[in-house]
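> What shape does this take:
(2 chains)
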Number of protein chains: 2
Amino acid sequence: MQNPVGIISMQFVRPFTREHFALFARIKSLGFDFVEMLVPEPEDDFDPAEARAALADNGLDVVLAARVNLQRSIASADPSARKGGLDYLAYCVEVADRIGARIIGGPLYGEPLVFAGRAPSPHGEDERKAREERTVEGLSQAAPRARDAGKVLALEPLNRFETDIVSTTRQAVHVVDAVADAGLGIVLDTFHMNMEERSMPDAIRLAGHRLVHFQANENHRGFPGTGHIDWPPIMRALGDISYEGPVSLEPFRRDDDRVGLPIAHWRPPHEDETEKLKAGLAFVRSCLALAEVNQ
Amino acid sequence: MQNPVGIISMQFVRPFTREHFALFARIKSLGFDFVEMLVPEPEDDFDPAEARAALADNGLDVVLAARVNLQRSIASADPSARKGGLDYLAYCVEVADRIGARIIGGPLYGEPLVFAGRAPSPHGEDERKAREERTVEGLSQAAPRARDAGKVLALEPLNRFETDIVSTTRQAVHVVDAVADAGLGIVLDTFHMNMEERSMPDAIRLAGHRLVHFQANENHRGFPGTGHIDWPPIMRALGDISYEGPVSLEPFRRDDDRVGLPIAHWRPPHEDETEKLKAGLAFVRSCLALAEVNQ
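Numbers count the residues shown, from 1 in each chain, chains lettered A, B, ... in the order given. Predicted coordinates:
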């Protein structure tokens, strides 16, 4: 398997502005095929068309990660937040078009728990179901629009500390099948899967053709190959479903609070970690290649 | 290995009061050797001496779990909270004495992150270190007192969403060795280890003689044997360090918000799960027994 392998820009800096375009050359020289970037905010000093040119200059593709929140939530009971959620997904499609991305991944529904900048609070089961149903309704409107623009939204299951709506692949499949539009697929992240799935390979096979993006993260979010995730069967499961899409790494290291807080990473790195990152990339590429070997 | 195997009382109800003593007979009939109980609050309708008699009537031992918080925190910058933390640990020792428990486990320092009922907030690295140092100071006072009473405090590493002070076994070893008192040991929980350790068996061997309590929880906190945790090598690692202490199960299922919130479990069970619980217990006992087989 020769899937494109990329890295999230937050590995290096956040927010990513035009002054950071020079990082594209570094990302390319590290050996990556694409960059996974947070959808920029309109007020950021970041012009998607200009970024597209800078990415092309460095031979890099791009995948987008949507940044939803409580005011941008198709799952919300508040109609204005639901409208905010739909408008934001439309904006993401527009940015994807300008920057040259096909995939926009993330939780999409904007109802995070502990990282919403507030204390976690429980919801009754009825309310949780209502939020899931509104998510299906919202994505039923957003997915066709994404598809018409040649894009695909990728719904990401997050671990229990980050959401209560879609934590497992099964829940994501339920939502995606209810929407049933080629403009909506699934992105799986092994960091979350490690906490929530019975079996990561089985979960990948369950996602099947719905899988449009994959994030290969170690159990402790460090460099791939430094934890206990059993990568070969995971890559073979990707092979089983003929997954040819992107594989991104997010071994992000805290550099400041804007990076540390949303990923719950509390200690900054104390040294240059370039060689570890390169080794992690080589490890992932080799596991993908070996997944095809059937002796 | 024939370690005593127990279950947390929160599996069944919280708060646990005298009206729930009848659950001890059920716990015994399920096949457990001990109950892991939250340290009762003084205002709870729960008399430790009375509970001791009820436990004895049912042939059950008991292990305690301390409930620290921001006002009971030996790690706090606030002297009154630090005093509250020390007073609380002294209270735990007193309750342990009255209920007949030897082990009091938990994070002990009372500086939880997302489950402190507030939004997560980042701390600078200097502040994190200062909190760790104050934890060492506080435990240096609390551990001798526990030891004098014939008790042992067990420091528990929690995952990154729940603490930033002690998340790994290495960090716990650092604290415990700095205190260097037989009144302080380590409790490891595979749910947290699955997120934070490079290798769970290696972490157990690193804890070594310091390990005084062990919590065998599946990666998704369901019944042991229903997830992807590789139990046989974990139990063999416990054998490597000649661990003869208790092994508790905490596959707690949400029954109400007081249970669901602190464990981030958002969906209630929809059926009687007694048989699954029994099978989980049998699975853990068999893995422990098989860990001694050296063919």
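> and the stretch 151-295 of chain A, which of its residues are near chain B?
Where the stretch 151-295 of chain A comes near chain B, counting by CB under 8 Å from any CB of the partner chain, the residues are A:160-161, A:164, A:167, A:194-200, A:219-220, A:226-228, A:257, A:260-261, A:264-268. Every residue, glycine included, has its C-beta placed from N, CA and C.
> quick one: low-confidence parts of chain A?
In the prediction, chain A carries residues with pLDDT under 70 at positions A:114-122, A:253-263.
> Could you pull out the strands in it for me?
Remark: strands of chain A, listed N- to C-terminal, are A:5-8, A:34-38, A:61-65, A:103-106, A:152-155, A:184-189, A:211-215, A:247-249; assignment by DSSP state E.
> Kindly reformat the ones you listed as JSON lines and extend each row with mean neighbour count.
Output for those, formatted as JSON lines (neighbours: other CB atoms under 10 Å in any protein chain shown):
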{"stretch": "strand A:5-8", "mean neighbour count": "23"}
{"stretch": "strand A:34-38", "mean neighbour count": "23"}
{"stretch": "strand A:61-65", "mean neighbour count": "24"}
{"stretch": "strand A:103-106", "mean neighbour count": "25"}
{"stretch": "strand A:152-155", "mean neighbour count": "27"}
{"stretch": "strand A:184-189", "mean neighbour count": "26"}
{"stretch": "strand A:211-215", "mean neighbour count": "24"}
{"stretch": "strand A:247-249", "mean neighbour count": "25"}
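> A:Glu19 - how many residues pack around it?
Look at A:Glu19: counted by other CB atoms under 10 Å in any protein chain shown, it has 10 neighbours.
> ok, it touching A:Asp45?
Yes - the pair formed by A:Glu19 and A:Asp45 meets the contact definition of CB atoms under 8 Å, at 7.3 Å.
> In JSON lines: the strands of chain A, plus distance to B:His174.
Shown next, in JSON lines, are the strands of chain A (distance: least, CB to CB, whole Å):
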{"stretch": "strand A:5-8", "distance to B:His174": "31"}
{"stretch": "strand A:34-38", "distance to B:His174": "35"}
{"stretch": "strand A:61-65", "distance to B:His174": "35"}
{"stretch": "strand A:103-106", "distance to B:His174": "36"}
{"stretch": "strand A:152-155", "distance to B:His174": "40"}
{"stretch": "strand A:184-189", "distance to B:His174": "30"}
{"stretch": "strand A:211-215", "distance to B:His174": "31"}
{"stretch": "strand A:247-249", "distance to B:His174": "29"}
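> Out of those, flag the one nearest B:Ala96.
Distances from B:Ala96 to each of the strands of chain A were compared by CB to CB, and the smallest falls on strand A:184-189, at 41.5 Å.
> which helix is the longest one in chain A?
Using DSSP state H to assign secondary structure, the helix with the most residues in chain A is helix A:125-148.
> Centre of the chain to it, how far?
Averaged C-alpha coordinates place helix A:125-148 at 18 Å from its chain's average position (CA atoms, centre = their mean, to the nearest Å).
> Of all the strands of chain A, which one comes closest to B:Ser140?
Ranking these by their distance to B:Ser140 (criterion: CB to CB) puts strand A:184-189 first, at 40.7 Å.
> relative to strand A:211-215, how tilted is the closest one?
20 degrees (axes from the mean of the first three to the mean of the last three CA atoms, to 10 degrees).
> ranges for the helices of chain A?
If DSSP H is used as the criterion, the helices of chain A fall at A:23-30, A:48-57, A:79-99, A:125-148, A:169-179, A:190-196, A:200-207, A:231-240, A:257-263, A:274-290.
> Sort out which of the residues of the stretch 151-295 of chain A next to chain B are buried, if you could.
Neighbour-count burial within these applies to A:160-161, A:164, A:167, A:194-200, A:219-220, A:226-228, A:260-261, A:264-266; the criterion is 16 or more other CB atoms under 10 Å in any protein chain shown.
> Pick the most deeply packed of the helices of chain A.
Relative to the other members of the helices of chain A, helix A:190-196 carries the highest mean neighbour count by mean count of other CB atoms under 10 Å in any protein chain shown, namely a mean of 24.
> May I have that helix exported as PDB, CA atoms only?
What follows is helix A:190-196 as a C-alpha-only set of coordinates in PDB (Å, rounded to 0.1, in the frame of the first residue of the first chain):
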ATOM      1  CA  THR A 190      -6.400   5.300  16.200                       C
ATOM      2  CA  PHE A 191      -5.900   7.500  19.300                       C
ATOM      3  CA  HIS A 192      -9.600   7.600  19.800                       C
ATOM      4  CA  MET A 193     -10.200   4.000  18.500                       C
ATOM      5  CA  ASN A 194      -7.700   2.700  21.100                       C
ATOM      6  CA  MET A 195     -10.000   4.000  23.800                       C
ATOM      7  CA  GLU A 196     -13.400   3.100  22.400                       C
END
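> That one: how far from the chain's middle?
Computed by CA atoms, centre = their mean, the chain-centroid distance of helix A:190-196 equals 13 Å.
> Over to stretch A:83-96?
Using CA atoms, centre = their mean, the distance from the centre of stretch A:83-96 to the centre of the chain it belongs to is 16 Å.
> Quick one: residues in contact with that stretch.
By CB atoms under 8 Å, 6 or more residues apart in numbering or on different chains, the list of residues contacting stretch A:83-96 from outside reads A:39-40, A:42, A:48, A:64, A:66, A:68, A:71-76, A:101-104, A:108-110, A:138, A:141-142, A:145-146, A:149, A:151, A:153.
> switch the cut-off to 6 Å
Contact partners of stretch A:83-96, identified using CB atoms under 6 Å, 6 or more residues apart in numbering or on different chains, comprise A:39, A:48, A:64, A:66, A:71-74, A:104, A:110, A:138, A:142, A:146, A:149, A:151.
> what's A:Glu41 in contact with, if anything?
For A:Glu41, no contacting residues are found, by CB under 6 Å, 6+ apart.
> go with 8 Å
If a contact means CB under 8 Å, 6+ apart, then A:Glu41 has A:Pro15, A:Arg67 as its contacts.
> Next one: it from chain B, what distance?
Here A:Glu41 is placed at a distance of 21 Å from chain B (CB to the nearest CB, to the nearest Å).
> Kindly report the same for A:His213.
Per CB to the nearest CB, A:His213 is found 22 Å from chain B.
> And A:Val179, by the same measure?
Distance, A:Val179 to chain B, using CB to the nearest CB: 22 Å.
> again, but for A:Gly85
Noted for A:Gly85: a distance of 20 Å to chain B, by CB to the nearest CB.
> Now that residue: closest residue in space, sequence neighbours ignored.
Once flanking residues are discounted, A:Gly85 sits nearest to A:Ile74: 3.7 Å by CB to CB, 6 or more residues apart in numbering or on different chains.
> I'd say that neighbour and A:Leu108 touch.
Yes - counting by CB under 8 Å, A:Leu108 is a contact partner of A:Ile74 at 7.3 Å.
> Name the residues contacting each of those two.
Contact criterion CB under 8 Å, 6+ apart; residues shared by A:Ile74 and A:Leu108: A:Leu89, A:Thr135, A:Leu139, A:Ala142.
> Return the residues in contact with the second one.
This means A:Thr135. So, once contact is read as CB under 8 Å, 6+ apart, A:Thr135 ends up touching A:Ile74, A:Ala75, A:Leu108, A:Tyr109, A:Ile165, A:Val166, A:Val175.
> got TSV for those residues, with distance to A:Gly245 too?
Formatted as TSV, those follow (distance: CB to CB, whole Å):
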residue	distance to A:Gly245
A:Ile74	24
A:Ala75	26
A:Leu108	17
A:Tyr109	22
A:Ile165	24
A:Val166	19
A:Val175	19
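> For the residues you listed, work out which two are farthest apart.
The most widely separated members of the contacts of A:Thr135 are A:Ile74 and A:Val166, with 12.2 Å between them, by CB to CB.
> Touching both of these two, which residues are there?
Between them, A:Ile74 and A:Val166 have A:Tyr109, A:Thr135 as joint contacts when contacts are counted by CB under 8 Å, 6+ apart.
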